[in-house]
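1. Following is a predicted model, sequence given first.
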Amino acid sequence: MFIIFGTRYRTVRDNEAAPLTTRCAHCQQIVQLEPVKTRNYFALFFVPLIPLGQGTPAYRCPNCKTKFAR
């Protein structure tokens, strides 16, 4: 019997912060950057189960999906 465990991160929308309209540094498009939080989870059999920490706030470009630190 094998047990596969590790850590995995998920990116979820942060409803507490406001979107930011600016030019994306990666794709050079004028977009409304989405506020997100990237959070690490303990994973068992590739399923994220237990959150580890509060999460890192960031902005994500809806066009190219690049994340930028807040």
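-> Okay, I see it. Numbering: from 1, shown residues only.

2. pLDDT score assigned to the residue nearest the centre of the chain?
-> In the chain, the C-alpha nearest the mean C-alpha coordinate belongs to Thr11, at 2.8 Å (C-alpha atoms, centre = their mean). Thr11 is assigned 91 on the pLDDT scale.

3. looking at it, it is touching Pro35, isn't it?
-> No: the pair Thr11 / Pro35 is not scored as a contact, 11.0 Å apart, by C-beta atoms under 8 Å. For every residue, glycine as well, the C-beta is placed using N, CA and C.

4. Not counting its own residues, what contacts the helix or strand Pro51 falls within?
-> Assigned by DSSP states H and E, Pro51 belongs to strand 47-60. Residues from elsewhere that reach strand 47-60 (C-beta atoms under 8 Å, 6 or more residues apart in numbering): 7-8, 10-12, 14, 17, 20, 33-43, 66-70.

5. Now, those residues that are in helices?
-> If you go by DSSP state H, the contacts of strand 47-60 have nothing in helices.

6. Buried among the residues you listed? Make that a ChimeraX selection.
-> To isolate the buried members of the contacts of strand 47-60 in ChimeraX, using 16 or more other C-beta atoms under 10 Å:
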select :11,14,33,34,35,36,37,38,39,40,41,43,67
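
7. Quick check: Leu20 vs Val12, distance?
-> Look at Leu20 and Val12: by C-beta to C-beta, to the nearest Å, they are 17 Å apart.
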